[in-house]
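Colleague: sequence unavailable; structure follows:
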């Protein structure tokens, strides 16, 4: 059933009767599909029982959702491998980021 796809295209709260009509299914089928989708972590379902709010679960890692986090992790790993002290949480000094950029530009 295309419940996850329908959730992505549905505006906010959607009545189960509307979902059933769109998917040519019974309300019982919709209930079962919603339970299955929640159980398999495909959808977040909130709202009341008759008008659920569906949201697809973002399965990407935090680094995939935010490329800046990946870059920060790369800079920290690069600095650590060279014995440069960088605090794990927080701001990376511009000098270290510039050194990383120069080093990676030379290696490409």
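Modeller: Sure thing, it's come through. In this text, all values refer to a predicted model and were calculated from it rather than measured experimentally.

Colleague: what mean pLDDT does stretch 60-67 have?
Modeller: Mean pLDDT, computed over stretch 60-67, is 74.

Colleague: and residue 94, how many neighbours?
Modeller: 8 (other Cβ atoms under 10 Å). The way it works is simple: take the backbone N, C-alpha and C, and place the C-beta from them, glycine included.

Colleague: and what of residue 21?
Modeller: If you count neighbours by other Cβ under 10 Å, residue 21 ends up with 10.

Colleague: got the phi and psi for it?
Modeller: Per-residue torsions, residue 21: phi -70, psi -40 (degrees, to the nearest 10).

Colleague: list the buried residues of stretch 85-98.
Modeller: Using 16 or more other Cβ atoms under 10 Å as the burial criterion, the residues of stretch 85-98 that qualify are 86, 96, 97.

Colleague: residues in contact with it?
Modeller: Contacts of stretch 85-98 from elsewhere in the structure, counted by Cβ atoms under 8 Å, 6 or more residues apart in numbering, are 72, 75, 76, 79, 80, 84.

Colleague: out of the buried residues of stretch 85-98, the closest to residue 54 would be?
Modeller: Using Cβ to Cβ, residue 97 comes nearest to residue 54 of the buried residues of stretch 85-98, at 40.2 Å.

Colleague: in helices only, show me the buried residues of stretch 85-98.
Modeller: 96, 97 (DSSP state H).

Colleague: can the buried residues of stretch 85-98 go into a markdown table with extra columns for distance to residue 9 and pLDDT?
Modeller: Below are the buried residues of stretch 85-98 laid out as a markdown table (distance: Cβ to Cβ, whole Å; pLDDT from 0 to 100):
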| residue | distance to residue 9 | pLDDT |
| --- | --- | --- |
| 86 | 43 | 89 |
| 96 | 44 | 92 |
| 97 | 40 | 91 |
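
Colleague: so which of the buried residues of stretch 85-98 is the closest to residue 35?
Modeller: Distance to residue 35, by Cβ to Cβ, is smallest for residue 86 among the buried residues of stretch 85-98, at 45.9 Å.

Colleague: okay, domains of this structure per the record?
Modeller: 3-56, 62-107 (automatic domain parsing).
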